[in-house]
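>>> I would like to see how this sequence folds:
(chains A and B)
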Amino acid sequence: MAQKTVVIANRLGIHARPAALIAGAASKFASDIFLSKGEIRDVNGKSIMSVMMLAAEQGSEVTVRAEGEDAEAAVAAVAELLGSNFEGKI
Amino acid sequence: MTGSAAHVVLSGISASPGIAIGRAFLHSKETPPIRQRRIGPHQVEAEAERFLATLHQAGEEVRRTRRLVAGEHGEELAQIFDAQLAMLADVEMKERTLQCIRQFHWSAERAFQHSLEEMKRGFAAIQDEYLRQRISDLLDIERQVLLRLAGGEIQALESLRANAVVVARDLLPSEAVQLGGRRVKGIVLEVGGPTSHAAIIARSLGLPTVLGAANCTRVVASSDLVVVDGNAGEVHVRPPEPVLREYRSRLRRQQRRERDLTARRGLAAVTQDGKEIALLANIDVPSEVQLAVANGARGVGMYRTEYLFLGYQLPTEEEQRAAYSRIVQGMAPHPVTIRTIDLGGDKLGIALKAAAELNPYLGWRGVRVSLDIPELLKTQLRAILRAGAHGDVCALLPMVASLDELRAARAVLDEARSELRASGEAFGEHCPLGVMVEVPSAALMADQFAREADFLSLGTNDLIQYTLAVDRSNARVAPLYDPFHPAVLRLIDLVVRGAAIHGVPVSICGEMAGDPRATALLLGLGIERLSMSPGLIPEVKEAIRSTKLEAARKRAQECLHLTTGAEVRSYLGIAAAPQPAAAFARVEAAPAGVR
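I've put the predicted structure just below:
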């Protein structure tokens, strides 16, 4: 298991398009990937709707957790996206 | 002939003018009841497969619709469907549904609805208005998938027959945009106001439309003959021969008049005594620029940008710049006035009802939203400034109630300008900032606004609603909405005089500007710029060409001193709107159980 907590940097938070990018990136890994924010625990990081439902605004903390053979790489990739400002991508 | 073929007249609100005669196409949005709740253990895998196949079909159909819309209206509008596609492909939704089928032996319908229910609850709890709105997409895919699972015939809009009149409770913006093309003749909806998206799109497509037609989906049966009178806001269901004959002849007159106007559209918009009036276009989507130019518009008086914000995600600065630039280039050398987003009020009607504001018209909308999310406003203003590299642009702020709002927005505009200057990007320095006068407070303070704003634009639709305290989307009170009410005319007069003190241009961009019956009155009040739906320009130009300004001024002054809207209309020789009581009585007098 690997885990990392990041602060959302994107000004508009994790809106639909960032959510799609995150779910898309998460889907490339074999590990199960879970996201948590406040009281919302362990939603499926590969589901666009679940990521959108986090409603993570700028400055909020989101924890990424992964279980599986490529857990380390998965957490690193998803956490990097979550903490980015999505420049040039959205 | 059966006894059910009785003629019924439904009264509603005229949302887009013209006459349409066609066969009813009932567009049902009702979610079918779940018939089967459990399945046998041996059926589990077949049920799982049936579910996956249905999801696939639904996705294919959304993709087809998306292609259609992209081809006809452009990529920005087509992105409305991306949220639905993403939801249909969502792993979590799929897994939860399959789990319910396999573990509990639930039918695909029940399992799918159960898994969506949890997601709907999750979305409903979101504070963020924009994300919460996505629940309307969830509801839409729920209906599409459940209808298919139930084996029901989908009244998909693309299965429309020729000459159809679409009858529905409501239309999502994504559905309304599909109604373009020649197959649809008119639209009748139970809900919706004249400023709803369905109405705006219907007008931009030139489809006669009646909204607020109570009970229309129950009174009308599929394939019934229906006459839509978009001028009077009436719908005749199963009209008898004499009524039909009358409307056929009106339709022919309408078509003849359209041809005549087309032939005369090269003429100038000049009054009998030589005063030139600026005719401008109100547009929603880039494809309307062509008609605006063809009809002789001297610019875009109001480009509503909400379309860009209806989709799956907030548009980026670059996407906005591209959309605005297309319009600016298409309209050059004439100026384009771009209104910052006016989300809220009835335009957020697709948002979750439970989360809706008690009083959306008095709530968080227009410039209030933009100023609360400064990044949103700045991104939009930067995009407008950058589009200014291709021609003349102006920015227009909606729903301004006090001067602080104009000042705050001006500060954001200045910031955007200096950022662009520093970045070295191409943009137009000159961008006048104007205010929509649609809240009575702004009209009353027009002289003060004119001191600081670069131009004023009268948004009469909302101004009338706020002044007379009438919600036009409420069919019971809609007839009280009266553009000719002396209170409205006095406010217009006040705004014109306030603007004149500081030499600031003032235009009208509400529907009143496109009503040829009001043209002489508005010119008489001193209005010199009229902005309207591009299709209305020829009619209004005719009205201008027959106006004698001196006489119009005297008559306008008289009107300011009359006591009621009815008096003004009678003085101007304008036919009275149908009385609501009579219209409702006719519906109720229809034989009980016509359907």
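
>>> please point out which parts of the helix-or-strand element of chain A with minimal mean pLDDT sit buried.
Within chain A, no helix or strand scores below helix A:16-26, which has a mean of 87 by mean pLDDT, DSSP states H and E. Using 16 or more other Cβ atoms under 10 Å in any protein chain shown as the test for burial, helix A:16-26 gives A:Ala16, A:Arg17, A:Pro18, A:Ala19, A:Ala20, A:Leu21, A:Ile22, A:Ala23, A:Ala25, A:Ala26. Any C-beta I mention is one placed from the backbone N, CA and C, and that applies to glycine too.

>>> list the helices and strands the helix or strand following it packs on?
Once helix A:16-26 ends, the next helix or strand along the chain (criterion: DSSP states H and E) is strand A:32-37. Other helices and strands packing on strand A:32-37, by 3 or more Cβ pairs under 8 Å, 6 or more residues apart in numbering or on different chains; DSSP states H and E, are strand A:40-44, strand A:61-67, helix A:71-83.

>>> and chain A, which residues reach chain B?
A:11-13, A:15-17, A:20, A:23, A:27, A:43-44, A:46-50, A:52-53, A:55, A:57, A:90 (Cβ under 8 Å from any Cβ of the partner chain).

>>> report the mean per-residue pLDDT for stretch B:372-389.
Averaged across stretch B:372-389, the pLDDT comes to 92.

>>> my error: substitute stretch A:61-77 in the last question.
95.

>>> how about that stretch: buried residues?
A:Val62, A:Thr63, A:Val64, A:Arg65, A:Ala66, A:Asp70, A:Ala71, A:Ala74, A:Val75, A:Ala77.

>>> give me the contacts around the least confident helix or strand of chain A.
By Cβ atoms under 8 Å, 6 or more residues apart in numbering or on different chains, the surrounding residues in contact with helix A:16-26 are A:10, A:14, A:33, A:45-48, A:50-52, A:74, A:77-78, A:81-82, A:86, A:89-90, B:83, B:86, B:91, B:131, B:134, B:312-314.

>>> so which of these belong to strands?
A:Ile33 (DSSP state E).

>>> quick one: A:Gly68 and A:Phe29 touch, right?
Yes: contact criterion Cβ atoms under 8 Å: A:Gly68 and A:Phe29 qualify, at 7.2 Å.

>>> elements contacting the host helix or strand of B:Arg421?
B:Arg421 belongs to helix B:403-423 when assigned by DSSP H and E. Identification of packing neighbours for helix B:403-423 by 3+ Cβ pairs under 8 Å, 6+ apart yields helix B:367-372, helix B:374-387, strand B:393-397, strand B:433-437, helix B:446-452.

>>> output the second one as CSV - backbone C-alpha positions only.
Extracted in CSV, the C-alpha atoms of helix B:374-387 (Å, rounded to 0.1, in the frame of the first residue of the first chain):
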residue,chain,number,x,y,z
PRO,B,374,-13.2,36.7,-9.7
GLU,B,375,-11.2,34.1,-11.6
LEU,B,376,-14.3,33.3,-13.7
LEU,B,377,-14.8,37.0,-14.5
LYS,B,378,-11.2,37.7,-15.2
THR,B,379,-10.8,34.7,-17.5
GLN,B,380,-13.8,35.8,-19.4
LEU,B,381,-12.7,39.4,-19.7
ARG,B,382,-9.2,38.3,-20.7
ALA,B,383,-10.8,36.2,-23.5
ILE,B,384,-12.9,39.2,-24.6
LEU,B,385,-9.9,41.5,-24.6
ARG,B,386,-7.9,39.0,-26.7
ALA,B,387,-10.8,38.6,-29.1
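
>>> show me what it is packed up against.
helix B:317-331, strand B:336-339, helix B:367-372, strand B:393-397, helix B:403-423.

>>> now do that helix against helix B:317-331, angle only.
40 degrees (axes from the mean of the first three to the mean of the last three Cα atoms, to 10 degrees).

>>> next, the buried residues of helix B:374-387.
B:Leu376, B:Leu377, B:Lys378, B:Thr379, B:Gln380, B:Leu381, B:Arg382, B:Ala383, B:Ile384, B:Leu385, B:Arg386, B:Ala387.

>>> what's next to it, contact-wise?
Residues outside helix B:374-387 that contact it (Cβ under 8 Å, 6+ apart) are A:11-12, B:305, B:314, B:316-318, B:320-321, B:324-325, B:327-328, B:336, B:338, B:340-341, B:369-371, B:393, B:395, B:409, B:412-413, B:415-417, B:419-420, B:425-428, B:431.
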